[in-house]
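**Student:** give me a 3D structure for the following:
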Amino acid sequence: MGVITTYSANEARRGPTLALLVFAGMLAGTTSGWAQALAPDMPQAPAVELPTIPNLNKYANPKAPENSPLAHEPELVLSAKLSDDGNPIGRGLVWRVFSPEPGNDGKLALLATAKGGTTSFNLAPGSYLVHVAFGRAGATKRITMTRAKRSETMILDAGGVKLNAVLSGGARIPPDQLRFSIYENHEDANGERALIIPDVKPDTVVRLNTGTYQIVSNYGTANAVIRADIRVEAGKITEANVEHRAAQLTLKLVRETGGEALADTAWSVLTTSGDIVRESVGAFASIVLAEGEYVIIAKNKDKIYQRDFKVVAGRNQDVEVVATEGAATATSASQPAEGEEPLD
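**Tutor:** Prediction:
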C-alpha cells in the first residue's frame, strides 16, 4: 500500500533534505520490522562474573624479596685480601660461584656472579666452589653452606708489577714504541714458556699471583728485545725498568750527501752473517735496531746500493746511502732524536 506525503510551502523550500530524512525514518522502521520477523525471540545469555585472584599485583618486581626464590636462603658474605695482613680489596674483584659437580658437558655450572669489592650471595644449604679474580690473580675455595649466615675472607696471595724501559744512558723511549709480554717462569717439555699476558703497556699495573715471571720487552718491531725475570710479592707493587741497548735509524737513499730521498726504494737490513733483520719500501725507512754491526741494502730502479753500518746504543741517527755508479758508497749524518740530547 502506497504512502502519500504532502508538504507545505515552507517544507517544499527545504528541498530534498527533508525528503531524505523522512525516507530514512521509514527505512529504519521497515528494517526494524524485518529484524523482528527474521530473528525470533531468544533468551539473553547470563552475565559472566570474572573470578578474583587475591593479592594479585599489577607489576611483579623480580628484585623484590617475595619474588626471589633465594631471598630467604642463608647469606654468604665474601671479601678478599692480597695478603693475610692486608686490607680488604674495595673494587676490581670478580666473584663467581660454581656448582662443585660437573654437568653432562664436563664443566662446572656457573650459579652466580658479582663485581666490585666485598659482596654477598644467598645460597641454599650445600657445597659450592667460590672463585675470585683480581686482574690475573685469583683464588678458589670450597665453601659449605648451612642454615646460618656465613662470612668468608679469601687471601689472593698476589701483588702487582709495573713495567717500563729506557735507552742506554737513561734516555726516554716513546711509550708507543714499547710493548711488554709476561710469561711463566718455567718451561714446558718443548722448552717453551706459556704466555700469560701479551702487549702490556708501559707503566700499567698488572695483578699477578705471587711468584717469578719472565718479562719480554720489545722496542720497535725488529730485534731490540730484552728478557728479564721478576719476582712478584704479595701485597706489593714491583716496578721493573729494563735497559735497551738500541737506537732508532731513519734510512734514505740520496744522489748526493744531504740531498732529497729517492722514492720507491726497497730496503733490507742484514746482520754481518747475512740474516735478514727487517725489510721495507719507501723513501724513508724508520727502524729500531739493537746495538751491533749491520749491512744496509737499498734497491732503486733495478740498481742496488750497499753499505756497512754500526749501531751505537742510545744514538738515534739519520743514515744516508748515496747512489753512485759502480761500487756503492754511503755517508751518514748523526742527529739526535727530537727532544733528546747527544750522548757523545
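
**Student:** when you work out contacts or count neighbours from here on, use the C-alpha atoms and nothing else.
**Tutor:** Fine.

**Student:** could I get the contacting residues of Leu252?
**Tutor:** Leu isn't right for residue 252; it's Lys. For Lys252, the contact set (Cα atoms under 8 Å, 6 or more residues apart in numbering) comprises 261-262, 283-285, 318-321.

**Student:** kindly recompute the last result at 7 Å.
**Tutor:** Neighbour list for Lys252: 261, 283-285, 319-321 [criterion: Cα atoms under 7 Å, 6 or more residues apart in numbering].

**Student:** which one of these is nearest Gly169?
**Tutor:** Val319 (21.6 Å; Cα to Cα).

**Student:** now the phi/psi pair for that closest one, please.
**Tutor:** phi -110, psi 120 (degrees, to the nearest 10).

**Student:** what segments of the stretch 201-344 of the chain are helices?
**Tutor:** Secondary structure of the stretch 201-344 of the chain (DSSP state H, counting those that start in this stretch): no helices located.

**Student:** low-confidence stretches in it?
**Tutor:** 325-344 (pLDDT under 70).

**Student:** what's in contact with the host helix or strand of Leu111?
**Tutor:** Per DSSP states H and E, Leu111 falls inside strand 108-116. Identification of contacts with strand 108-116 by Cα under 7 Å, 6+ apart yields 90-103.

**Student:** now those in TSV, please, with extra columns for secondary structure.
**Tutor:** As requested, the contacts of strand 108-116 are exported to TSV (DSSP: H, G, I helix; E, B strand; the rest coil):
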residue	secondary structure
Gly90	coil
Arg91	coil
Gly92	coil
Leu93	strand
Val94	strand
Trp95	strand
Arg96	strand
Val97	strand
Phe98	strand
Ser99	strand
Pro100	strand
Glu101	strand
Pro102	strand
Gly103	coil
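
**Student:** which of those residues sits closest to Leu249?
**Tutor:** Looking across those and measuring by Cα to Cα, the closest to Leu249 is Gly92, at 42.0 Å.

**Student:** what is the burial count for that closest one?
**Tutor:** Gly92 has 12 neighbours, counted by other Cα atoms under 10 Å.

**Student:** if we can go back for a sec, what is the nearest of the contacts of strand 108-116 to Val161?
**Tutor:** Looking across the contacts of strand 108-116 and measuring by Cα to Cα, the closest to Val161 is Gly92, at 16.1 Å.

**Student:** what sits closest to that closest one if chain neighbours are left out?
**Tutor:** Gly116 (5.3 Å; Cα to Cα, 6 or more residues apart in numbering).

**Student:** can you tell me how far the one you found is from Tyr213?
**Tutor:** Going from Gly116 to Tyr213 by Cα to Cα, to the nearest Å gives 27 Å.

**Student:** higher neighbour count, these two?
**Tutor:** Tyr213 (18 against 13).

**Student:** Gln306 against Lys299, yeah?
**Tutor:** No. The pair Gln306 / Lys299 is not scored as a contact, 8.7 Å apart, by Cα atoms under 7 Å.

**Student:** next, Gln177: phi, psi?
**Tutor:** Per degrees, to the nearest 10, the backbone of Gln177 is at phi -100, psi 10.

**Student:** surely it touches Ser217?
**Tutor:** No. The criterion here is Cα under 7 Å, and Gln177 misses it with Ser217 at 10.4 Å.

**Student:** you'd agree Tyr183 is up against Ile196?
**Tutor:** Yes. Tyr183 lies in contact with Ile196 (Cα under 7 Å); the separation is 5.2 Å.

**Student:** Gln306 and Lys299 - which one has more neighbours?
**Tutor:** Neighbours were tallied for Gln306 and for Lys299 using other Cα under 10 Å; the higher tally belongs to Gln306 (20 against 17).

**Student:** no more questions from me, cheers.
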